[in-house]
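A.B. asks: Next one to model:
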Amino acid sequence: MRISTSQIFQNGIDVIQRQQAEISRTQNQLGTGRRILSPSDDPSGSVQALQFESRIEQTKQFQRNGGLAEQRLRLTEVTLASVGDGLQRIRELSVKANNATETDETRRYIAGEMQQVLNSLVDLGNTRDANGEYLFAGYKSQTQPFVMKDGEVKYQGDDNARQVDISPVRKLAVGDPGNQVFGDAGEDEALKDGNGTFTTLPADSNTGSGVISAGSVVDRSAWENATGKPFEIEFSQNGDDLEYRIPGATNEGPFEYVSGESIEFEGIQVDIKGTPADGDSFTVRDSEAQSLFAGVRNIIDTLQSPVGTSTAPVNNAINRGLSELDNALGHVLDTRATVGARLNALENQDNLNRDQILQLETTISEIRDLDYAEAISRFNLQQVGLQAAQQSYTQVARLTLFDYIR
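C.D. replies: Residues are numbered from 1 along each chain as shown. All right, here's what the predicted structure looks like:
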């Protein structure tokens, strides 16, 4: 078999070019730090690396979600703290107004300050986040949740809590609807009037000085199962004695009235102080839905009304209002506690996501990254091979008859 001169030259060039291509590929690997430069280098490893990269990007998105959720929850926590401060100020003013030394004029001044605090509470209910969305509007984040009209505050949001994904299998609420935090005139409202179980109300026609307490629950099941509600505590004069009856109660009386003595029936307990007049009465009924704003509004309205000769109407309204304020403060604190729990959950999930990303990146590195020691040794060997190919080509290229003709 004869080999032509051109074939010899071409074979030599092909060998040199292959050597140069291998060196170039190794140089690219050393430059990028990656063993796999294209899917053809390792099809199985390439697929695995792409899958892990997708998982890393997904986890990073969950982290971004968590970061935004954390900002929103921290703003919510600060806002609720301010709400609690406002309610505490209303309570302090209510206690002050309940003093017998206050006059109609001073009570109006107190009511004026309460109105300013109420306005600030409404503003807090309409707090926006950094994106201009309302914190307490539920899904209606672009709708102002609370509006005040004719002294009454109405809720315009919905009762849904916005949620974000912080992991493939976990969602976290990043807000609370306003009707659950501040209450609204809805059936599912969290806040109720009175002490949250029942409410005590004096009759508008009362003329005596009787003041009824907010009361307490002795046996909840007995009250829940009681028939004949609402109950009326009716007072009547019997000679020199003042008596009261509770029509419809298991034991309706009559009983002798003693100021400040506990009156217990149907699993609840109240006390009445002062001297009710003949024919005066007090209503005891189940608590009804009432917003935080409405409770404060009731106190303000009472303080703005002239009292006359008896402060009993003011005392009764403030006693009930103080109980409602305590319930509202407790509810706000409970909501803040849930916000804090969600912040802790976010922190824990963020740490877990970081660990997952680190593990995934380690796995990708094992699949895709270059072994520098092996690559450098291979690079040096390839350089030697290229030099040998070049020298061989040079020697072969000189093997012609012209080199022997003198």
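A.B. asks: Quick one: distance of stretch 291-304 to the chain centre.
C.D. replies: Counting by Cα atoms, centre = their mean, to the nearest Å, stretch 291-304 is centred 28 Å from the centre of its parent chain.
A.B. asks: right, I mislabeled it, should have said stretch 224-234
C.D. replies: On Cα atoms, centre = their mean, the centre of stretch 224-234 falls 39 Å from the chain's centre.
A.B. asks: before we move on, what about stretch 338-345?
C.D. replies: On Cα atoms, centre = their mean, the centre of stretch 338-345 falls 7 Å from the chain's centre.
A.B. asks: And for stretch 312-329?
C.D. replies: 29 Å.
A.B. asks: Below-threshold pLDDT in the stretch 251-400 of the chain: ranges please.
C.D. replies: For the stretch 251-400 of the chain, the stretches flagged by pLDDT under 70 are 365-375, 378-400.
A.B. asks: So for T338, what's the nearest residue that isn't a sequence neighbour?
C.D. replies: D176 (7.7 Å; Cβ to Cβ, 6 or more residues apart in numbering). Yep, even glycine has a C-beta here, placed from its N, CA and C like the rest.
A.B. asks: what does the longest strand seen in the chain contact?
C.D. replies: Ordering each strand of the chain by length in residues (DSSP state E) puts strand 231-238 first. The contact list for strand 231-238, computed with Cβ atoms under 8 Å, 6 or more residues apart in numbering, reads 208, 210, 212, 242-249, 254, 257, 263, 265-266, 270, 272, 276-285.
A.B. asks: Same question for stretch 253-265.
C.D. replies: Applying Cβ under 8 Å, 6+ apart, the contact partners of stretch 253-265 are 218, 231, 233, 235-236, 238, 241-246, 249-251, 269-276.
A.B. asks: which of those are buried?
C.D. replies: In the contacts of stretch 253-265, burial by neighbour count holds for 231, 233, 235-236, 242-246, 249, 270-274, 276, counting by 16 or more other Cβ atoms under 10 Å.
A.B. asks: just those now: which is nearest R162?
C.D. replies: Taking Cβ to Cβ as the measure, R162 sits nearest to V270 out of the buried ones among the contacts of stretch 253-265, at 41.8 Å.
A.B. asks: From F198, how far out is the closest one?
C.D. replies: Distance, V270 to F198, by Cβ to Cβ, to the nearest Å: 9 Å.
A.B. asks: count of residues packed around G175?
C.D. replies: Neighbourhood size, G175 [other Cβ atoms under 10 Å]: 28.
A.B. asks: ok, back up a step: surely the residue nearest to T338 and F136 touch.
C.D. replies: Yes - with contact defined as Cβ atoms under 8 Å, D176 reaches F136; the gap is 6.6 Å.
A.B. asks: So for those two, which sits in the more crowded spot?
C.D. replies: Legend: neighbour count by other Cβ under 10 Å for D176 and F136, higher for F136 (25 against 22).
A.B. asks: and that one, what pLDDT?
C.D. replies: F136 carries a pLDDT value of 90.
A.B. asks: Next: the one 3 residues further on.
C.D. replies: At Y139, the predicted lDDT confidence score is 88.
A.B. asks: so where does it fall, helix or strand?
C.D. replies: Using DSSP states H and E, Y139 falls within no helix or strand.
A.B. asks: and for V270 and F198, which residues touch both?
C.D. replies: 215, 284.
A.B. asks: re the thing from before, for the buried ones among the contacts of stretch 253-265, which two are the farthest from each other?
C.D. replies: Greatest spatial distance among the buried ones among the contacts of stretch 253-265 (Cβ to Cβ): A249 and G274, at 22.0 Å.
A.B. asks: If anything else comes up later, I'll come back, but that's it for now.
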